[in-house]
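K.L.:
need coordinates for the following:
(2 chains)
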Amino acid sequence: MYDLIIIGGGPAACAAGVYAARKRLKTLLIAESFGGQSIVSADIQNWIGDNHISGFDLAKKLEGHVRSYSDILEIKSPELATGIRKIDREGGISDFEVITTVGKYEGKTIILAAGARRRKLGIPGESELDGRGVVYCSTCDAPLFKGKTVAVVGGGNAGLEAVQDLFPYATKIYLLEYGDVLKGDPVTQEHVRKNPKVEIILNAQTKEIIGKDFVEAMVYVDKKTGEEKKLPLGGVFVEIGSVPNSEMVKGLVDLDKYDQVIIDSKHGTTSVPGIFAAGDITDDPYKQNNISAGDAVKATLAAYAHLLDRSKKEELNA
Amino acid sequence: MKNIKIYSTPTCVYCKMAKEFFTKNNIPYEEFNVASDDRAREEMIQKSHQMGVPVIDIGGEIFVGFNRNEIARALGLTP
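P.N.:
I've put the predicted structure just below:
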């Protein structure tokens, strides 16, 4: 029986791991991989304390920090948590069982820090042409689109950065945004707008990706006129946000309409006492590495307080 | 020893992870930078029928992406 089971391997999970180890909690961390979603970022410029750090290096630092507490903190990785079950004990106390692809583990408290994964367009042709012109990692695959016309879908920061990744390679870049404005940072927007290769298309609802062996075209609807348009393309870069990895707690803790775990951001508590959450899996409005780390610290300290309370209850029951 | 080729781009972290994995296990490999090497890029697309990196060729067996357990198995290592 662990005091605490942390699920995830990004900034939230690693911050929770460090604080739990320093509180000398017997902790298990279950991670599919380390680093979180920003691992693919070529250059993170807002991780406090580092002017520039690559997502890869940040992932190494986070993993290294957590692994340095191996005397009290056990790590199962790569291992994927698929479900959590609440076990009610006498005296109003509950434990939890975490089910993974490999085994089962019991803990007195849980911190959900499994983050989020990339959202897909969900249009015909997307999954059929995944990897064959449909791209979800622009830093990885942009160089393969040398001399090609491509589209980036999504006008947020990730979309703008994908456009920048494509600058040296693509000959023409369409940037499609569903809304009527770009949402990314003004500094990046300016940089993108200045490049003559870029054509911004607002109010664009993507409809279909067409291609036999590789992407050949994309169809979108101009939401203002209702007109259907077809762009001949060699690649589609999808950058439309993320979906939380909350399937494992569906039906156990309260989720919002986006399937994000609802938390009280003061203590990172969820609707189930003993289960805490932090980072991109939660309904916190700002998805940021620094916030994930900070919120996970709050959740860990709250979990520690919960464990102290629990042991008092157990003494009274005894 | 099987002949190992990795097709990569300089900015791809999964390529870096794969290369670190080979180095850690003392496995020699040949690397092709498909961002600059047009011929290697064509070869990679032909072999894997797709355009994502990394592509790892282990003695003719083609792997797209870096799945540590899968690669370890193909190399006969314990994951």
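K.L.:
rest of the way, CA atoms for contacts and neighbours
P.N.:
Noted.
K.L.:
surely residue A:267 meets residue A:294?
P.N.:
No - judged on Cα atoms under 8 Å, residue A:267 makes no contact with residue A:294 at a distance of 11.1 Å.
K.L.:
need the nearest residue in space to residue A:264, chain neighbours excluded.
P.N.:
Counting by Cα to Cα, 6 or more residues apart in numbering or on different chains, residue A:264 lies nearest to residue A:270, which is 6.7 Å off, once chain neighbours are set aside.
K.L.:
which bits of chain B sit near chain A?
P.N.:
B:9, B:11-13, B:34-35, B:41, B:49-53 (Cα under 8 Å from any Cα of the partner chain).
K.L.:
which among these count as buried?
P.N.:
B:9, B:11-13, B:34-35, B:41, B:50-53 (16 or more other Cα atoms under 10 Å in any protein chain shown).
K.L.:
ok, back up a step: now render the residues of chain B next to chain A as a markdown table, adding secondary structure.
P.N.:
Output for the residues of chain B next to chain A, formatted as a markdown table (DSSP: H, G, I helix; E, B strand; the rest coil):
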| residue | secondary structure |
| --- | --- |
| B:9 | coil |
| B:11 | coil |
| B:12 | coil |
| B:13 | helix |
| B:34 | coil |
| B:35 | coil |
| B:41 | helix |
| B:49 | coil |
| B:50 | coil |
| B:51 | coil |
| B:52 | coil |
| B:53 | coil |
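K.L.:
can you list these in a markdown table and add distance to residue A:107 and pLDDT?
P.N.:
Below are those laid out as a markdown table (distance: Cα to Cα, whole Å; pLDDT from 0 to 100):
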| residue | distance to residue A:107 | pLDDT |
| --- | --- | --- |
| B:9 | 42 | 93 |
| B:11 | 39 | 87 |
| B:12 | 37 | 90 |
| B:13 | 33 | 90 |
| B:34 | 47 | 95 |
| B:35 | 47 | 92 |
| B:41 | 49 | 94 |
| B:49 | 45 | 92 |
| B:50 | 43 | 93 |
| B:51 | 43 | 91 |
| B:52 | 40 | 92 |
| B:53 | 39 | 94 |
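K.L.:
wait, which of those is closest to residue A:231?
P.N.:
residue B:51 (19.8 Å; Cα to Cα).
K.L.:
identify the residues contacting the closest one.
P.N.:
Residue B:51 sits next to A:131-133, A:141, A:144, B:44-45 when contact means Cα atoms under 8 Å, 6 or more residues apart in numbering or on different chains.
K.L.:
what's the answer for residue B:66, then?
P.N.:
B:14-15, B:17-18, B:54, B:56.
K.L.:
list the buried residues for stretch A:36-53?
P.N.:
A:36-44, A:53.
K.L.:
which of those residues come close to chain B?
P.N.:
A:39-40, A:42.
K.L.:
could you pull up phi and psi at the residue in the stretch 101-250 of chain A that chain B sits nearest to?
P.N.:
Closest approach between the stretch 101-250 of chain A and chain B, counting by Cα to the nearest Cα: residue A:140, at 4.1 Å. Residue A:140 adopts backbone torsions of phi -70, psi -50, taken as degrees, to the nearest 10.
K.L.:
contact partners for the residue nearest to residue A:233 when sequence neighbours are not counted?
P.N.:
Spatially, and ignoring its direct neighbours in sequence, residue A:233 is nearest to residue A:217 (4.7 Å; Cα to Cα, 6+ apart). Under the criterion of Cα under 8 Å, 6+ apart, the neighbours of residue A:217 are A:209-211, A:230-234.
K.L.:
most neighbours, which of those residues?
P.N.:
The residue in these with the most neighbours, by other Cα atoms under 10 Å in any protein chain shown, is residue A:209 (25 neighbours).
K.L.:
right, and the helix or strand after the strand or helix carrying residue A:85?
P.N.:
Here residue A:85 is covered by strand A:81-88, with elements defined by DSSP states H and E. Past strand A:81-88, further along toward the C-terminus, the next helix or strand under DSSP H and E is strand A:94-100.
K.L.:
helix or strand right after that following strand?
P.N.:
As assigned by DSSP H and E, the chain's next helix or strand after strand A:94-100 is strand A:104-112.
K.L.:
tell me which helix or strand of chain A sits lowest on mean pLDDT?
P.N.:
Here the helix or strand of chain A ranked lowest by mean pLDDT, DSSP states H and E is helix A:138-141, holding a mean of 89.
K.L.:
and that helix, what does it pack against?
P.N.:
helix A:157-166 (3 or more Cα pairs under 8 Å, 6 or more residues apart in numbering or on different chains; DSSP states H and E).
K.L.:
and if we set it to 6 Å?
P.N.:
Packed against helix A:138-141, as judged by 3 or more Cα pairs under 6 Å, 6 or more residues apart in numbering or on different chains; DSSP states H and E, are no other helices or strands.
K.L.:
which residues touch that helix?
P.N.:
A:162, B:11-12, B:52 (Cα atoms under 6 Å, 6 or more residues apart in numbering or on different chains).
K.L.:
what residue lies at the spatial centre of chain B?
P.N.:
residue B:56 (2.5 Å; Cα atoms, centre = their mean).
K.L.:
which stretches of chain B form strands?
P.N.:
Applying DSSP state E to chain B gives strands spanning B:4-8, B:30-33, B:55-58, B:61-64.
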